[in-house]
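# sequence and predicted model, in that order:
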Amino acid sequence: MDFIINFLVAAVAAGTPLLFGTLGEIMNERVGHLNLGVEGMMSIGACAGFLAGYHTDNFIIALAASFIAAALSALIYALLTVTLMANQNVTGLTLTIFGIGLSNFIGIWALERSETGTLKLPEMITAQMRNISIPGLSDIPVIGPLLFSYSPFVYIGIIIAIVLAFYLNKIKSGLNLQAIGHNPGAADAAGIKVTQYKYASILLGGGICGIGGAYCAMIINGGVWVSNNVGGLGWIAVALVIFANWKPVNAIGGSFVFGALRILKYYVPKSIFPLPNAFYDMMPFLITALILVITSMRKKRNLSLPANLGNNYFREER
């Protein structure tokens, strides 16, 4: 039983950055924008959050820095695709290349100027990110470790997912946002400010992706700066949007499933399955590819796919 509980807890921790990336991409795609720059936005958020935490010893400031920096990178994407109507796929790929390169450049620049030649988060901020222990609740057998023993990032991600689900399905502006993703011309004719909604949703989604990047830099890597710290999770997040059927609450389960795949190699007995670690490292990406193939074969009516996804909106053509 302890083995299973430890595995599930580790799966949740490993899937948390995927949750943020998936939620951020859902907000982009809900307004009709296929943003392939998730990896880049997460990388920029990782760099900004890590350095802010390193210099301020404040977890809240680090979160804010990661959100703002990634949102600003998303602003570049929004400007190019919403206002200038550039190709969304090309712009997203460019944002990924730019984000990874900028993050690595700033990280190396900061490393070269540190006295020790390494960047490690101070103990003060590390303590703020440790797993939360709730007296009484955390000690409950089985339930305690599964529900009340995680880093603040985990609870923040779940709260964001629930809030976004409520917003998209129960609030008028959230319904307007979804209408834009399906038919921006009709939404515009109904008096919905399409451009403003697109900008707001893209920036919000970018900021959420940035928090996921901060988790990679500050938690997964043990509080030590490492280049390329997102490690391809942004690409998995893009596919997870389809797996979650464009629904924020579904993203919670989907991200934790893929989190389990990421840490499977540490829990599968080598005596029973003598497979190399590279096979397990490949599995999340293999499953991602399978999801894309299977989804393309499914009938679109079974999906919550925004009908205008990937198409720029030019008002004069409506």
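That came in fine, so what should we check first? Numbers count the residues shown, from 1 in each chain.
# specify the residue positioned farthest from the middle of this structure.
Within the chain, the residue lying farthest from the chain centre (C-alpha atoms, centre = their mean) is residue 271, at 35.0 Å.
# three-state assignment of that one?
Of the three states, residue 271 takes coil according to DSSP: H, G, I helix; E, B strand; the rest coil.
# tell me who's in contact with it.
Under the criterion of C-beta atoms under 8 Å, 6 or more residues apart in numbering, residue 271 has no contact partners. In this view, the C-beta of every residue, glycine as well, is placed from N, C-alpha and C.
# pLDDT at it, what is it?
pLDDT recorded at residue 271 is 73.
# what of the one 10 residues further on?
At residue 281, the predicted lDDT confidence score is 85.
# tell me how many other residues crowd the nearest residue to it once chain neighbours are set aside.
What sits nearest to residue 281 in space, not counting adjacent residues and going by C-beta to C-beta, 6 or more residues apart in numbering, is residue 265, at 7.2 Å. Residues lying near residue 265 (other C-beta atoms under 10 Å) number 17.
# distance from stretch 3-13 to the middle of the chain?
20 Å (C-alpha atoms, centre = their mean, to the nearest Å).
# stretch 226-243 now?
Taking C-alpha atoms, centre = their mean, one finds stretch 226-243 lying 7 Å from the centre of the chain it belongs to.
# just stretch 30-49 next, same as before
Distance, centroid of stretch 30-49 to centroid of chain: 8 Å (C-alpha atoms, centre = their mean).
# for stretch 85-98, same thing?
On C-alpha atoms, centre = their mean, the centre of stretch 85-98 falls 17 Å from that of its chain.
# okay, buried residues for stretch 237-245 please.
Neighbour counts over stretch 237-245 (16 or more other C-beta atoms under 10 Å) mark 237-244 as buried.
# how about those residues in a markdown table, adding secondary structure?
Output for the buried residues of stretch 237-245, formatted as a markdown table (three-state DSSP):
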| residue | secondary structure |
| --- | --- |
| 237 | helix |
| 238 | helix |
| 239 | helix |
| 240 | helix |
| 241 | helix |
| 242 | helix |
| 243 | helix |
| 244 | coil |
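# still on that earlier bit, how close does the residue farthest from the centre of the chain get to residue 152?
In this structure, residue 271 and residue 152 are 38 Å apart, going by C-beta to C-beta, to the nearest Å.
# what's the burial count for residue 282?
Count around residue 282 with other C-beta under 10 Å applied: 12.
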